[in-house]
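A.B. asks: Predicted model follows, preceded by the sequence.
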Amino acid sequence: MDELIARLAKQREIVLEYKTEIQRLQKKIEASEFSQRLKRVHELLGVAEAAAADTEVEVRQQAMETYRETLVKDIHPAVKVTIYAVPVYDEEIAFTYACHHLPQALRFNKGEFERAAKALYLDFFTLTREPRVSIAQDLSRWNTDACALPTQCRSSVGTVSTFRRYIVPTRSPGRTVTVRLCRETCAAPCGTEEGSHGQQE
């Protein structure tokens, strides 16, 4: 179990590094001129969509008024009135009918029923004990031999970047995977390398 926990601790640390790097890159992108321009375009898009929606409401209202006055369905080459069959009924009466004659039409709310059943002590409802495993969020005390060496790599544009290297054991006995996470220009891991436990690089 200790070996599994140690492996999980290393893997969680790498996940945290990825999340931290994503947040750092997102902040960097948000602070860029391109991001500001994109934000402005989104704002303008919202204004344009709202204006178009308001005009569409006016078109529908005017078209409906014209139809009710003239019964003409083709209001405009781009606008016409279509007749639909719309159900009309009292929901309380319909619910009572469904309870007696159409139970398949009713949706079972499992959570609501379970809460009520606990309070009502229904004879067909019982609570049983079920074991469930919980794992601590902080596994740092088991990650004593984590490898996080400051290294350098060269990105596709030739810029030298610092990254952290992690050697993580896999499910295969005696095998490891080295994960390299850039901290500067690279937005993704530089790669992985397979090796053996305790191998010197």
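C.D. replies: Cool, the structure landed. Numbers count the residues shown, from 1 in each chain.
A.B. asks: Just want the phi and psi numbers for the residue sitting furthest away from the middle of the chain.
C.D. replies: Centroid-distance maximum for the chain: Thr70 at 50.6 Å, with CA atoms, centre = their mean. Main-chain torsions, Thr70, degrees, to the nearest 10: phi -120, psi -20.
A.B. asks: Kindly report the same for Asp74.
C.D. replies: Dihedral angles (degrees, to the nearest 10) for Asp74: phi -90, psi 90.
A.B. asks: and Val72, what helix or strand is that in?
C.D. replies: Using DSSP states H and E, Val72 is not contained in any helix or strand.
A.B. asks: what do you get for the one 3 residues further on?
C.D. replies: Counting by DSSP H and E, the secondary-structure element that holds Ile75 is strand 74-76.
A.B. asks: Same check on Arg24?
C.D. replies: Using DSSP H and E, Arg24 falls in helix 2-30.
A.B. asks: Give the buried residues for that helix.
C.D. replies: Buried residues in helix 2-30, counted by 16 or more other CB atoms under 10 Å: 6-7, 9-14, 17, 21. (Glycine included, C-beta is placed from N, CA and C.)
A.B. asks: Can you name every helix or strand that it contacts?
C.D. replies: strand 160-169, strand 175-182 (3 or more CB pairs under 8 Å, 6 or more residues apart in numbering; DSSP states H and E).
A.B. asks: and the ones you listed, which one is worst for confidence?
C.D. replies: In terms of average pLDDT, strand 160-169 trails the rest of the helices and strands packed on helix 2-30, at a mean of 50.
A.B. asks: The helix or strand containing Arg40 to helix 2-30, inter-axis angle?
C.D. replies: Assigned by DSSP H and E, Arg40 belongs to helix 33-70. Here the directions of helix 33-70 and helix 2-30 differ by 80 degrees (axes from the mean of the first three to the mean of the last three CA atoms, to 10 degrees).
A.B. asks: And helix 33-70, what does it pack against?
C.D. replies: For helix 33-70, the packing partners by 3+ CB pairs under 8 Å, 6+ apart are strand 74-76.
A.B. asks: So which residues make contact with the strand it packs on?
C.D. replies: For strand 74-76, the external contacting residues (CB atoms under 8 Å, 6 or more residues apart in numbering) are 63, 66-67, 80-81.
A.B. asks: can you name the two of these that are farthest apart?
C.D. replies: The two members of these with the most space between them (CB to CB) are Thr66 and Lys80, at 10.9 Å.
A.B. asks: Perfect, I'm done here.
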